[in-house]
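Visitor: Using only what follows, build the 3D model:
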Amino acid sequence: MIETIYYEKNIKNHPKTLEILSRFSNARQICIDRYGEVFNKRNQNFKLQKTNPALILAEKHKGFVLPVPEGFGIGQMHNFYFSHMYNCIYDCRYCFLQGMYSSANYVLFVNYEDFSSEIENTIHKYKSENVTFFSGYDCDSLALENVTHFMKFILPLFEKHPNVLLELRTKSVQLQPMMSSRALKNCIIAYSLIPEAISKSLDNKTPSIQRRIGAMKTLSQAGWKLGLRFDPLIHGRDWKILYRGLIEDIFKEIPVHSIHSISFGALRFPKAMFKKIHSLYPDEILFSGPLSQNDGLVSYENDIENEMINFCRECVSEFISEPIIFNCSFEPSRVKESVL
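Guide: Below is the predicted model:
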């Protein structure tokens, strides 16, 4: 339940601002100059704010479409991402956003039309080449869709460009924007997945893995393409048994023809980001695991990473062919734009 909404005065009459404020008429509504005065304040307590975040409605002025970090992608020539939101309603213990931002409040950029325009410009620039756009780098693509309606707005744009791929990264079981549209063959609904036993400990506030698999099954039956994102891979007791069980559970329910791509990503943080997250949760067992520091990163040792990736690839390869399997090796870091 959103109890407080801040909104920038320059977008107070924007149609999206008016729509959201009218739907949350009982929320405390506060006019501000710029979202940074709330979002970027020093000495905020991310952990405390996470219990009851506010919503901040703002206008984005630049950085509508950005190149993805190195190592992030699913094989296309040109890869970009866009972020209509900062922060996520979920509270996953390994999430790098808690080390990136000082605030747990949600920022929603209401000038959707500028995102659309910049995406169109980028498509035109690379019109004869393979391009993929990713949503879900700075937020979950669908988790707050019942408030934002952003995907309902943006999906028709990609329907006009069937040769351009769109990936929506999510842990949500929110299906409305897809189920109210015909299936787009160039849109991938990509689910982040870890074994249920690990998810119960680390994926706070998220739908269960079984519910995610159920959502994927529904989307598959409606003709949507799916992505399986085993990211990050989490090491621990009986991890081989747990990951094999997860993969078998998925392919019991999801037909191979519905799978667009599969990727594996290791658990890794820049050193400063890890230090900040660890300070929030010093007793978290995840951070006392077999982690090491190397080249400014905190991660599992290479032999552990490689063993996990190779094992999971072998399990997946029992069900599906190799060409659609990728490794995701990007290093989470600050977005390439100022959040001020």
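
Visitor: Break down the stretch 51-200 of the chain into its strands, ranges please.
Guide: 55-58, 66-67, 78-82, 85-86, 91-92, 106-109, 131-135, 165-170, 187-192 (DSSP state E, counting those that start in this stretch).

Visitor: so what strands line up beside the fifth one?
Guide: Each strand that strand 91-92 pairs with, and the sense of that pairing, follows from DSSP bridges: strand 203-204 (antiparallel).

Visitor: burial count for Leu297?
Guide: By other C-beta atoms under 10 Å, 17 other residues sit near Leu297. (Each C-beta comes from the backbone N, C-alpha and C, glycine too.)

Visitor: which residues does it bridge with?
Guide: Pro270, Asn294.

Visitor: just to revisit the earlier point, JSON lines for the strands of the stretch 51-200 of the chain, including mean neighbour count?
Guide: Formatted as JSON lines, these follow (neighbours: other C-beta atoms under 10 Å):
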{"stretch": "strand 55-58", "mean neighbour count": "24"}
{"stretch": "strand 66-67", "mean neighbour count": "14"}
{"stretch": "strand 78-82", "mean neighbour count": "20"}
{"stretch": "strand 85-86", "mean neighbour count": "23"}
{"stretch": "strand 91-92", "mean neighbour count": "18"}
{"stretch": "strand 106-109", "mean neighbour count": "25"}
{"stretch": "strand 131-135", "mean neighbour count": "23"}
{"stretch": "strand 165-170", "mean neighbour count": "24"}
{"stretch": "strand 187-192", "mean neighbour count": "25"}
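
Visitor: Distance to Phe150 and mean pLDDT for these - can I get that in TSV?
Guide: Converted to TSV, those look like this (distance: least, C-beta to C-beta, whole Å; pLDDT from 0 to 100):
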stretch	distance to Phe150	mean pLDDT
strand 55-58	13	98
strand 66-67	17	94
strand 78-82	10	94
strand 85-86	8	97
strand 91-92	21	96
strand 106-109	8	98
strand 131-135	8	95
strand 165-170	10	96
strand 187-192	14	97
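
Visitor: And these: which comes nearest Glu145?
Guide: Proximity of the strands of the stretch 51-200 of the chain to Glu145 was assessed by C-beta to C-beta; the nearest stretch is strand 165-170, lying at 9.2 Å.

Visitor: Show me what the closest one is packed up against.
Guide: Strand 165-170 is packed against strand 131-135, helix 150-159, strand 187-192, strand 225-233, with contacts defined by 3 or more C-beta pairs under 8 Å, 6 or more residues apart in numbering; DSSP states H and E.

Visitor: Give the pairing partners of that strand; include direction for each.
Guide: By DSSP bridges, strand 165-170 pairs with strand 131-135 (parallel), strand 187-192 (parallel).

Visitor: now the last one and strand 225-233, what's the angle there?
Guide: Using axes from the mean of the first three to the mean of the last three C-alpha atoms, to 10 degrees, one finds that strand 187-192 and strand 225-233 are set 30 degrees apart in direction.

Visitor: and Thr148, which of the strands of the stretch 51-200 of the chain is closest to it?
Guide: So among the strands of the stretch 51-200 of the chain, strand 106-109 is nearest, using C-beta to C-beta, at 5.8 Å.

Visitor: which secondary structure elements does that closest one contact?
Guide: The contact analysis (3+ C-beta pairs under 8 Å, 6+ apart) places strand 106-109 against strand 55-58, strand 85-86.

Visitor: could I get those as TSV with distance to Ser181?
Guide: Below are the helices and strands packed on strand 106-109 laid out as TSV (distance: least, C-beta to C-beta, whole Å):
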stretch	distance to Ser181
strand 55-58	25
strand 85-86	21
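
Visitor: Ser208 is nearest to which of these?
Guide: Among the helices and strands packed on strand 106-109, the nearest to Ser208 by C-beta to C-beta is strand 85-86 (23.3 Å).

Visitor: which residues touch Ile266?
Guide: Ile isn't right for residue 266; it's Ala. Residues in contact with Ala266 (C-beta atoms under 8 Å, 6 or more residues apart in numbering) are 232-233, 299-300, 305, 308-309, 329.

Visitor: coming back round to it: mind checking which of the strands of the stretch 51-200 of the chain is nearest Ile209?
Guide: Of all the strands of the stretch 51-200 of the chain, the one in closest proximity to Ile209, counting by C-beta to C-beta, is strand 187-192 (9.2 Å).

Visitor: quick one, that closest one and helix 150-159 angle?
Guide: Here strand 187-192 points in a direction 130 degrees away from that of helix 150-159 (the same axes, to 10 degrees).

Visitor: Just give me how far strand 187-192 sits from the chain centre.
Guide: How far strand 187-192 lies from its chain's middle: 10 Å, per C-alpha atoms, centre = their mean, to the nearest Å.

Visitor: go on, stretch 144-161?
Guide: With C-alpha atoms, centre = their mean as the basis, stretch 144-161 stands 15 Å off its chain's centre.

Visitor: Phe230 and Ile250 touch, don't they?
Guide: No. Applying C-beta atoms under 8 Å as the test, Phe230 and Ile250 come out as separate, 9.9 Å apart.
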